[in-house]
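S.K.: Here is my input; please provide its structure:
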Amino acid sequence: QVQLVESGGGLVQAGGSLRLSCAASGSRFSINTMGWFRQAPGKQRELLAGITTRSDTKYADSVKGRFTISRDNAKNTVYLQMNSLQPEDTAVYYCAARTSNYVYLNPAMYDYWGQGTQVTVSS
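M.R.: As a prediction, the model looks like this:
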């Protein structure tokens, strides 16, 4: 079994930055792709960025140029650096992982999920 624990969320003013972290524990050999999703009230959960063990990445158009995903394979940790945050970025942010080495957009393709961390951007 794999556990994912997110940290780094909080309240920030528009234009500010936050860095989210997600540490995986348990059977690390079950994880290849890690990603960050978010879900705002009344909206569907959407992929923001994903990364494979080969460091292949995929980003949503809404965050390209503002968010950067990275991972430390030795620590089994993935990060999301978020810059130029705007009020519309307010949501619960989730870390997810899957066993195969491909970044899927569909959240249903992910095997493991963190509990989520709230990001609130004030105007």
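S.K.: drop to CA atoms for contacts and neighbour counts, all remaining ones
M.R.: OK.
S.K.: Not counting sequence-adjacent ones, nearest residue to Ser100?
M.R.: Asn32 (5.7 Å; Cα to Cα, 6 or more residues apart in numbering).
S.K.: ok, residues contacting stretch 83-95?
M.R.: 4-6, 13-18, 22, 34-41, 66-67, 113-123 (Cα atoms under 8 Å, 6 or more residues apart in numbering).
S.K.: Give me the buried subset of these.
M.R.: 4-6, 14, 17-18, 22, 34-40, 67, 113-114, 116-122 (16 or more other Cα atoms under 10 Å).
S.K.: and those residues, which of them are in strands?
M.R.: Those of those mapping onto strands are 4-6, 18, 22, 34-39, 67, 113, 117-122, per DSSP state E.
S.K.: For Gly50, list the residues it contacts.
M.R.: Gly50 neighbours (Cα under 8 Å, 6+ apart): 33-36, 57-59, 69, 103-104.
S.K.: go with 7 Å
M.R.: Contacts for Gly50 (Cα atoms under 7 Å, 6 or more residues apart in numbering) come out as 33-36, 57-59, 69, 103.
S.K.: Isn't Trp36 up against Ala49?
M.R.: Yes - the criterion here is Cα atoms under 7 Å, and Trp36 meets it with Ala49 at 5.5 Å.
S.K.: Please list all residues in contact with Leu4.
M.R.: 22-25, 95, 113-114 are the contacts of Leu4 under Cα under 7 Å, 6+ apart.
S.K.: tell me the mean pLDDT over stretch 5-20?
M.R.: Mean pLDDT, computed over stretch 5-20, is 97.
S.K.: Show me how far that stretch is from its chain's centre.
M.R.: 12 Å (Cα atoms, centre = their mean, to the nearest Å).
S.K.: Identify the residues contacting it?
M.R.: Residues contacting stretch 5-20 (Cα under 7 Å, 6+ apart): 21-24, 79-87, 95, 114-123.
S.K.: Then stretch 106-115?
M.R.: Stretch 106-115 has contacts (Cα under 7 Å, 6+ apart) with 2, 4-6, 94-98.
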